[in-house]
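Asker: dropping the sequence and predicted coords here.
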Amino acid sequence: MSEGYTKKEIMEESRKLAEKIAETEEVDFFKRAEAQINEHLRVQEIIGQIKLLQKEAVNLKHYEKTEALKETDAKIDALQDELDDIPLVQEFKQSQGEVNDLLQMVSNTISNTVTQKIIESTGGDLLKGTTQKSPFDR
């Protein structure tokens, strides 16, 4: 059996992996898309309007102004639709999804590999996904 690793060593390797992920094509595209979003005046204008309306909606909900709240929510939805129709926003959301997928894939790979190593090291059954029976089990 190996001597194992400390939490500190694992965290250092995690940071190294994070640096590699930050240098992928997916993350690079995301950063460029985000920069373009931040410079796009109409996008920023719509986002600002949505934020103001969301604050207004919170107040209307608090004061139970149901009809006004419905109208405000409809305005928010219309602005959100307009935002979603902008090709740059679509590219940004797609790149965001790709980065999230990459992170999820890394997380799943780590989790599955750790589980597999535990099963193997305890003489368990990989096909069933179970470790060797504990002496405490009856």
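Answerer: Structure's in. What do you need?
Asker: how about stretch 45-60: buried residues?
Answerer: For stretch 45-60, the neighbour count (16 or more other C-beta atoms under 10 Å) marks 46-47, 50, 53, 56-57, 60 as buried. Backbone N, C-alpha and C define where each C-beta goes, glycine included.
Asker: shaky segments in the protein?
Answerer: 1-2, 129, 133-138 (pLDDT under 70).
Asker: what ranges does it have for its strands?
Answerer: In the chain, no strands are defined using DSSP state E.
Asker: tell me the centre residue of it?
Answerer: The chain has Asn100 as the residue nearest its centroid, 4.8 Å off, counting by C-alpha atoms, centre = their mean.
Asker: scan this protein for its longest helix.
Answerer: Secondary structure of the chain read by DSSP state H shows that its longest helix is helix 87-121.
Asker: packing partners for that helix?
Answerer: helix 7-22, helix 25-39, helix 66-84 (3 or more C-beta pairs under 8 Å, 6 or more residues apart in numbering; DSSP states H and E).
Asker: next, format these as TSV and append mean neighbour count.
Answerer: Output for these, formatted as TSV (neighbours: other C-beta atoms under 10 Å):
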stretch	mean neighbour count
helix 7-22	11
helix 25-39	14
helix 66-84	14
